[in-house]
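> sequence-free structure coming up:
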């Protein structure tokens, strides 16, 4: 199977249950099976006040709890987690949305994703 193009996967609602139980464990599984792009990152956006390291810690636990435990290896896990980022915003504040562009530019530069973005909306109705 051909690998997809380099990109940043942006998950709106990243502090929620779906991201914890399904999305990040599935992305880690794809990463382990070498089905993720050569250069990629995941930018989680949510209302919960977290920083990159706190988000990574939460997703580490998520992978161990909800992922395929037989596939968790510390070196692969560490490399995968270093590609995860988080940005807290107030979704009701128009002033917070330019922060997304700034963070995307930073992540794009750091992970060399070529300005290619995939958006996933995991938000309440």
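Sure, I can see it. Here the structure is a predicted model, which is why all the values come from computation and not from measurement.
> next, the buried residues of the strand or helix carrying residue 26.
In this assignment (DSSP states H and E), residue 26 forms part of helix 24-32. Neighbour-count burial for helix 24-32 flags 24-25, 27-28, 30-32 (criterion: 16 or more other CB atoms under 10 Å). From N, CA and C alone the C-beta is placed, and that goes for glycine too.
> cool, and stretch 31-38?
So, applying 16+ other CB under 10 Å, buried residues of stretch 31-38: 31-32, 36-37.
> what's the most distant pair in those?
Within the buried residues of stretch 31-38, 32 and 37 form the most distant pair, 14.2 Å apart (CB to CB).
> residues near residue 116, how many?
By other CB atoms under 10 Å, the residues close to residue 116 number 15.
> kindly apply the preceding question to residue 113 instead.
22.
> same deal with residue 7?
Neighbourhood size, residue 7 [other CB under 10 Å]: 20.
> check contacts around the residue sitting nearest the centre point of the chain.
Taking CA atoms, centre = their mean, the centroid of the chain lies closest to residue 42, which sits 2.7 Å from it. By CB atoms under 8 Å, 6 or more residues apart in numbering, the residues touching residue 42 are 8-11, 24, 27, 83-85.
> now swap in residue 121 and tell me
By CB under 8 Å, 6+ apart, the residues touching residue 121 are 12-13.
> now swap in residue 82 and tell me
Counting by CB under 8 Å, 6+ apart, residue 82 makes contact with residue 56.
> what is the neighbour count of the spatially closest residue to residue 90 that is not a sequence neighbour?
Of all residues not flanking residue 90 in the chain, residue 96 sits nearest, at 5.1 Å (CB to CB, 6 or more residues apart in numbering). By the criterion of other CB under 10 Å, residue 96 has 15 neighbours.
> no further queries at this time; thank you.
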